[in-house]
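**Q** Just a sequence and a predicted model for now, questions to come.
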Amino acid sequence: MVSPLRIIARLDVKNEHVIKGIHLEGLRKVGDPNELALRYYEQGVDEIVFMDAVASLYDRNNLFHIIERACRNVFVPIAIGGGLRTLDDVSRALGAGADKVVINTGAIRNIGLVEQIAGKFGSQCLIGSIEAKRAGGVWTAYIDNGREPSGHDVLDWARQLEAAGVGEILVTSIDQEGTGRGFDVALARALEEATSRPIIVSGGYAGARDLARLFAETQPSAVAIAGALHYGRTDVARIRSEVETCLTGSAA
């Protein structure tokens, strides 16, 4: 069986290094972005997402040269996010070799940017990123790599992103991110009910049981995995086997 679900390697980059933390905080260097991208490509990953973890602090993305190098050896779709504020930024990202762009803070500041990107480049290359944190039974969308609440309810914001033209939604659970305690299944389910856009789920994966719980209640288009890959706790082949086991209904 070939799984319809894509496995995405997520590389959060700060100052030329892939970093990883817990709840998007306490960031540690874990490797070179191009070396890790090549490793995951050779393992058979479906896509790679490069996120500039500090771009929002400087209002610019500093990963274009990394994307250019990655495209010389990596031949799966590559997405780039962080600090993309204008159509020129997006044009430069695509020109560097990215297949898709990921927008969060830029969209919060100007939803019209999403409409402009979709209109000029097409929804297929546009991922709306939502960093979600739960409080009092509702989720709030955050910006600046999970540092600041936007004031937007996650589900309402997802509907706005869909109306503006995003092709997919990448949702990162700040509560689960880096913890290895499993995905926020309730969040993924709520987003599926709120929007018709495909959902990429990120934050919390540790193993097969996490995927089984996710698939029991939701149908994501992809899972984005970072720490479990970076620290060598698993590899793409094992994750793919876990996915296929879950989808055939034979998971324990």
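**A** Now that the structure is in, tell me what you want to look at.
**Q** show me where this protein has strands.
**A** Here the chain has its strands, by DSSP state E, at 6-14, 17-22, 25-31, 47-52, 78-81, 100-103, 126-135, 138-143, 148-153, 168-173, 199-202, 222-225.
**Q** ok, now which ones touch the nearest residue to Asn62 once chain neighbours are set aside?
**A** Nearest residue to Asn62 in three dimensions, chain neighbours excluded: Asp52, at 5.8 Å (Cβ to Cβ, 6 or more residues apart in numbering). Bear in mind the C-beta positions are built from the backbone N, C-alpha and C, glycine included. Neighbouring residues of Asp52 by Cβ atoms under 8 Å, 6 or more residues apart in numbering: Val13, Lys14, Asn61, Asn62, Leu63, Ile80, Gly81, Gly82, Gly83.
**Q** Farthest pair within those residues?
**A** Farthest pair in those (Cβ to Cβ) is Lys14 and Ile80. Separation: 14.5 Å.
**Q** neighbour count winner among those two?
**A** Ile80 (32 against 18; other Cβ atoms under 10 Å).
**Q** Now that one: closest residue in space that isn't a chain neighbour?
**A** Using Cβ to Cβ, 6+ apart, the nearest residue to Ile80 is Ala98, at 4.3 Å.
**Q** residues contacting that neighbour?
**A** Ile67, Ile78, Ala79, Ile80.
**Q** Which phi and psi values does it adopt?
**A** Dihedral angles of Ala98 (phi, psi; degrees, to the nearest 10) stand at phi -70, psi 140.
**Q** and the gap between it and Arg159?
**A** Per Cβ to Cβ, to the nearest Å, Ala98 is found 26 Å from Arg159.
**Q** wait, isn't Asp46 in contact with Ala222?
**A** Yes. In this structure Asp46 lies within contact range of Ala222 using Cβ atoms under 8 Å: 7.3 Å.
**Q** Looking at those two, which one has more neighbours?
**A** Applying other Cβ under 10 Å to Asp46 and Ala222 shows that Ala222 carries more neighbours, namely 20 against 17.
**Q** wait, what's in contact with the nearest residue to that one once chain neighbours are set aside?
**A** Counting by Cβ to Cβ, 6+ apart, Arg6 is the residue found nearest to Ala222 once chain neighbours are left out, at 3.9 Å. Neighbouring residues of Arg6 by Cβ under 8 Å, 6+ apart: Asp46, Glu47, Ser221, Ala222, Val223.
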